[in-house]
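Q: Here is a sequence with its predicted model. Questions after.
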Amino acid sequence: MEKLIINAAITGARNLRDIAPYIPYTPEEIVQSSIECWRAGAAVVHIHVRDPESGLGAQDPELFRQVVEPLREQTDVIVNLTTSGIAGRNLPNEDRLKSLELKPDMASFDAGSINLGGGVFINPPDFLDLAASEMKRLNVKPEIEVFDSGMITTALAMRKKGQLEDPMYFQFVLGTPSGAVATPQSLLHLTELIPDGSIWSVTGMGKAHLPMSMLALAMGGHIRLGMEDNLYYERGVLAKTNAQFVERIVRISREYGREIASPEEAGKILGLSKEGRK
């Protein structure tokens, strides 16, 4: 079975310290948590940054730079930056894509709109067209985030037009209040819709976090984990670090007999261009 790619989603844009006292906020904290996850076995880190005043997600290129540059200096981890914008606000398309100026290895490509976080997470066609164009121009691999099956339909239509290229990388985000449910049937259905040769990963929100990981492990998919998606290490017990989640999956995966992909190995599986990984 293909080696397992672990993608650590470090902080997200919404969970605040009133409910998540250990979640990284500052660039320094995000860097430290990312390094801990890399050392524990994560090949990819999925990065949001936080506004220093509100604590909510930001798309400030300077904040991203303060995370990306130390990670490049100190690790070989695959850097995956968000383009999702700020929680509760609809930024101009160009502002959402400013993180691409740092030429990350990968960036999120949310392939449709959905009710999320008390509002609408808007990803209209003009944004998707621009995002696909900019990622192609800058050799940034799109992480096609899928909250329901219609987003796969959208991504495949864009593939047909040449806007998205093979091998496609799908990140299934299951268990959000208005998205696809986090069940074995749901995950199986989504994997059956994507093209042969595609790579897929899954994360489950909250209590679905570990069950979805176990399904991916057995089915040959890959795993996203971290405080962006789940705050609890076990029932009633908050995780104190993102690395705790990584360490657990590494331990379980090796007991299962599936080895962990290094960043270099993950880059080959994902089809990252050598130019994009410089």
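A: That came through, no problem.

Q: So, low pLDDT: which residues of the stretch 51-200 of the chain?
A: Low-confidence segments of the stretch 51-200 of the chain (pLDDT under 70): 87-88.

Q: Strands along that one, start to end?
A: Assigned by DSSP state E, counting those that start in this stretch, the strands in the stretch 51-200 of the chain fall at 57-58, 78-81, 106-110, 114-116, 119-121, 141-146, 169-174, 199-204.

Q: Columns distance to Leu215 and mean neighbour count on top of those strands, output as JSON lines?
A: (C-beta placed from N, C-alpha, C; glycine too.) Below are the strands of the stretch 51-200 of the chain laid out as JSON lines (distance: least, CB to CB, whole Å; neighbours: other CB atoms under 10 Å):
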{"stretch": "strand 57-58", "distance to Leu215": "28", "mean neighbour count": "22"}
{"stretch": "strand 78-81", "distance to Leu215": "22", "mean neighbour count": "26"}
{"stretch": "strand 106-110", "distance to Leu215": "22", "mean neighbour count": "26"}
{"stretch": "strand 114-116", "distance to Leu215": "22", "mean neighbour count": "18"}
{"stretch": "strand 119-121", "distance to Leu215": "25", "mean neighbour count": "15"}
{"stretch": "strand 141-146", "distance to Leu215": "15", "mean neighbour count": "26"}
{"stretch": "strand 169-174", "distance to Leu215": "10", "mean neighbour count": "26"}
{"stretch": "strand 199-204", "distance to Leu215": "7", "mean neighbour count": "24"}
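
Q: Which of those sits closest to Ile6?
A: Nearest to Ile6, of all the strands of the stretch 51-200 of the chain, is strand 199-204, at 9.1 Å by CB to CB.

Q: Sheet-wise, list the partners of the closest one with their directions.
A: Partners of strand 199-204 in the sheet, by DSSP bridges, are strand 169-174 (parallel), strand 222-225 (parallel).

Q: Ala216 is nearest to which of the ones you listed?
A: Short answer: strand 222-225, nearest of these by CB to CB, at 5.0 Å.

Q: From Asn7, how far off is the most centrally placed residue in the chain?
A: For the chain, the residue nearest the mean C-alpha position is His46 (4.7 Å; CA atoms, centre = their mean). According to CB to CB, to the nearest Å, His46 stands 6 Å off from Asn7.

Q: what do those two both touch?
A: Asn80, Arg224 (CB atoms under 8 Å, 6 or more residues apart in numbering).

Q: Dump the strands paired with strand 199-204 to CSV, plus distance to Ser84.
A: Converted to CSV, the strands paired with strand 199-204 look like this (distance: least, CB to CB, whole Å):
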stretch, distance to Ser84
strand 169-174, 11
strand 222-225, 14
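
Q: now for the helix or strand containing Phe245, which elements pack on it?
A: For Phe245, the host element (DSSP states H and E) is helix 242-256. Using 3 or more CB pairs under 8 Å, 6 or more residues apart in numbering; DSSP states H and E, the elements in contact with helix 242-256 are strand 6-9, helix 27-40, helix 209-219, strand 222-225, strand 232-234.

Q: quick revisit: kindly provide the distance from the residue nearest to the centre of the chain to Ser113.
A: Separation of His46 from Ser113 (CB to CB) stands at 20 Å.

Q: Tell me which of the strands paired with strand 199-204 approaches Glu134 most closely.
A: Using CB to CB, the strands paired with strand 199-204 put strand 169-174 closest to Glu134, at 16.8 Å.

Q: Now do the same contact list for Asn93.
A: Asp126, Phe127, Leu130, Ala131.

Q: So which of the residues you listed wins on neighbours?
A: Among the contacts of Asn93, the one with the most neighbours (other CB atoms under 10 Å) is Ala131, at 24 neighbours.

Q: pretty sure that one is touching Ala111, no?
A: No. Using CB atoms under 8 Å, Ala131 makes no contact with Ala111, being 9.6 Å away.

Q: If you tally nearby residues, what's the number for Ile260?
A: 19.

Q: Enumerate the beta-bridge partners assigned to it.
A: Leu4.

Q: Could you measure from it over to Phe170?
A: Distance, Ile260 to Phe170, using CB to CB: 20 Å.

Q: now swap in Ile23 and tell me
A: As for Ile23, its distance to Phe170 is 26 Å (criterion: CB to CB).

Q: Assumed Met227 was part of a helix.
A: No. Assignment of Met227 by DSSP: H, G, I helix; E, B strand; the rest coil gives coil, placing it outside any helix.

Q: Sweet, I'm off.
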